[in-house]
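> Got a sequence here, can you build the structure:
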Amino acid sequence: MELQGQNGLLATFREPWRTRGGVAYAVAGALIGFYTLLYFRDHLGVAGGALDPEAWAAALGLRSRWLLYGALYSLAMIGGAAYYLRRHGNARYNRWRIGVNVGVQVVLAFTLPLVMPYFFTGDPGQFWKYEYYFSYFWPLDWYKLHPGSLQNVPVVFAIYSIVGALVAAPLLAYFYGKRWYCSWVCGCGGLANTFGDPWRHLTSTSTRSWRFEKRAVHTIMFLAIASTLLLFLDHLVGDRNATFHRLIDGGQWWSMKSLYGYVVGAILAGVIGTGLYPLLGPRVWCRNFCPMAALLGLFQKLGRFRITVKPDMCISCGNCTTYCEMGIDVRSYAQSNESFTRAACVGCGMCAHVCPRGVLKLENAPKLQADKKRTGLPVVNL
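As a prediction, the model looks like this:
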């Protein structure tokens, strides 16, 4: 990383709202309350009342609470981006990454879903069965590859969903690491990069947290894949087996689809994943539960992305580990002169940015490089 920067690091542990103090708990409570109202509005009996997100959306002239959420999400990212760039905008990588993050959110995740229905004549409800979000792919947007979803959008969008999830995303992760998505495109990662940046140092680096991360994130990935396959199976046999259809896709009974949506989509991604930013760091969802992060991480381990270490340069200051939002003990690799590839790494570049000696560098290159052979520098894959 060019233009190494230490801007604002000294204030990290001096501001009470950034150190699990009373203000941090209050912010976490407000975030959890908002996400609870947003996702469980229909179960809380607030419809039509002062606490109804749909009423808030209508008052602002928006079609639904989800567009209201998109607007608030965009504002949070814009404000967080200004905060982040004020502290770390002296690096070109940071400026481009955050700029793309905010642009993708504002254009692809808010503006296009907002205006798309107005480009078509007739009843847009008959053409758009749901608002299409171009920046989200399966398995993060778990329902996007369901046959019903693919049938309810134009063919070009169905092709985009399939090719994006099954071809483009894995290939890009192989060549550039998961950072192309998790730190540049994804809205969840974008919010963590910007609004969540003040709390990045709270991410645990303990061995226990790493073990939990590996178990949890791959379990959710397996559930996302298995659930998608069950939805396809239901699409094929559901009409001939009403009981199986109700169990998988809905009806008056409990269903797998609703359970996955509430537990993973609402509680883990929203209530916990964002609500606990001020207490556990900004990547609780990305690190422990996101199925796409897990899947892209597997391709990253097989691919070209790594963080390279300049031998015998580390002074063990610990900045890299402190500011790693994924809880990776980067300092241990730097001390051991080991370049490394970690499935969890989202390539945010902060470890390189805060290093006072320029020891670390984000790199995309074949594993057997001439310079690696010459220096004998090992590459660790975990």
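> Helices of the stretch 1-150 of the chain, residue ranges please.
In the stretch 1-150 of the chain, helices defined by DSSP state H, counting those that start in this stretch lie at 22-40, 53-59, 65-88, 92-106, 112-115, 124-127, 147-151, listed in chain order.
> How far does stretch 134-142 sit from its chain's centre?
Stretch 134-142 sits 10 Å away from the centroid of its parent chain (CA atoms, centre = their mean, to the nearest Å).
> tell me the average confidence for that stretch?
In this model, stretch 134-142 has a mean pLDDT of 92.
> same question, stretch 36-56
Rounded mean pLDDT across stretch 36-56 is 91.
> per-residue confidence at Gly148?
Gly148 is assigned a pLDDT of 81 by the prediction.
> what are the ranges of the strands in the protein?
Counting by DSSP state E, the chain has these strands, from start to end: 305-309, 339-341, 360-364, 379-381.
> Name the stretch among those that sits most buried.
The highest average neighbour count among the strands of the chain, using mean count of other CB atoms under 10 Å, belongs to strand 305-309 at a mean of 24. Heads up, the C-betas are built off the backbone N, CA and C, glycines and all.
> Give the other helices and strands that that strand contacts.
For strand 305-309, the packing partners by 3 or more CB pairs under 8 Å, 6 or more residues apart in numbering; DSSP states H and E come out as helix 330-335, strand 339-341, strand 360-364.
> The last one - contacts with which helices or strands?
Yep, that's strand 360-364 we're talking about. Other elements packing on strand 360-364 under the criterion 3+ CB pairs under 8 Å, 6+ apart are strand 305-309, helix 350-354.
> now the first one against strand 360-364, angle please.
Computed with axes from the mean of the first three to the mean of the last three CA atoms, to 10 degrees, the direction of strand 305-309 lies at 150 degrees from that of strand 360-364.
> Could you give the separation of strand 305-309 from the chain centroid?
Between the centre of strand 305-309 and the centre of its chain there are 21 Å (CA atoms, centre = their mean).
> List of residues touching that strand?
With contacts defined as CB atoms under 8 Å, 6 or more residues apart in numbering, strand 305-309 is touched by 175-179, 330, 333-334, 337-341, 345, 347, 351-352, 359-365, 377, 379.
> coming back round to it: please convert the helices and strands packed on strand 360-364 to TSV, extending it with mean pLDDT and distance to Asn241.
Rendered in TSV, the data for these read as follows (pLDDT from 0 to 100; distance: least, CB to CB, whole Å):
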stretch	mean pLDDT	distance to Asn241
strand 305-309	93	45
helix 350-354	93	51
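> need the contact list for Phe134.
For Phe134, the contact set (CB under 8 Å, 6+ apart) comprises 108-109, 112, 160.
> one more time with 6 Å, if that's ok
The neighbourhood of Phe134, defined by CB atoms under 6 Å, 6 or more residues apart in numbering, consists of Leu108.
> on that earlier part again, dump the helices of the stretch 1-150 of the chain to JSON lines, plus mean neighbour count and distance to Cys290.
What follows is the helices of the stretch 1-150 of the chain, written out as JSON lines (neighbours: other CB atoms under 10 Å; distance: least, CB to CB, whole Å):
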{"stretch": "helix 22-40", "mean neighbour count": "16", "distance to Cys290": "16"}
{"stretch": "helix 53-59", "mean neighbour count": "16", "distance to Cys290": "24"}
{"stretch": "helix 65-88", "mean neighbour count": "18", "distance to Cys290": "17"}
{"stretch": "helix 92-106", "mean neighbour count": "18", "distance to Cys290": "16"}
{"stretch": "helix 112-115", "mean neighbour count": "15", "distance to Cys290": "21"}
{"stretch": "helix 124-127", "mean neighbour count": "11", "distance to Cys290": "31"}
{"stretch": "helix 147-151", "mean neighbour count": "14", "distance to Cys290": "20"}
